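[1] model the following, please.
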Amino acid sequence: MLRVAIHTEGESPKIVEFPYDQRVTFGRADDNDIVLPPSYVSRQHGEFLFEEGAWWLIDRGSLTGMSITRPESERRHLPRGGREELSGGEAIEILHTLLRVEIKPIESLMPLEDDDWW
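    Have a look, this model is predicted:
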């Protein structure tokens with residue numbers, strides 16, 4: 001499960017969760033899964049995509065790009081059209097908007113008992 005905490009300047013933080021089988025878009029347009037109101041965010045700014053067993057952050061051709069900070073590492077710029085694998089704990093910054101990412105492993109969502117196999 002992907003959990004995103006949205007911190008927009010002047011607003012209360014908002015937390016949203018998405019299952020592994022969902023492509024999650026974000027940007028200024030109303031048809032995004034996460035709508036970010038500031039005018040400096042592109043209409044179709046980026047997306048989170050679960051692919052090849054991992055969550056990915058993808059820039060969808062935004063004008064400003066994004067900065068990404070991983071736990072215990074320096075902030076770096078994700079350029080227009082860039083793609084970055086996520087491990088959880090990242091902070092994604094779009095000027096004055098911050099998205100904090102948490103990832104719950106698939107294994108923790110499906111507890112198995114010995115009897116569940118048969």
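[2] for the closest residue in space to residue 93 that isn't next to it in sequence, phi and psi?
    In space, and not counting its chain neighbours, residue 93 is closest to residue 67: 4.3 Å by C-beta to C-beta, 6 or more residues apart in numbering. For every residue, glycine as well, the C-beta is placed using N, CA and C. The phi and psi values for residue 67, taken as degrees, to the nearest 10, are phi -110, psi 140.
[3] one more: the one 4 residues further on?
    For residue 71, the backbone dihedrals (degrees, to the nearest 10) come out as phi -50, psi 130.
[4] and the gap between it and residue 56?
    18 Å (C-beta to C-beta, to the nearest Å).
[5] more crowded one of these two?
    Set residue 71 next to residue 56 and count neighbours by other C-beta atoms under 10 Å: residue 56 wins out with 14 against 9.
[6] any idea how far residue 1 is from the more buried one?
    15 Å.
[7] cool, and residue 100?
    Counting by C-beta to C-beta, the separation of residue 100 from residue 1 is 15 Å.
[8] can you map out the helices along the protein?
    Ranges of helices in the chain, per DSSP state H, are 106-109.
[9] how about low-confidence regions in it?
    Scanning the chain for pLDDT under 70 picks out 106-118.
[10] show me where it has strands.
    Secondary structure of the chain (DSSP state E): strands at 2-8, 14-18, 24-27, 34-35, 46-51, 54-59, 66-69, 76-78, 83-86, 91-94, 97-103.
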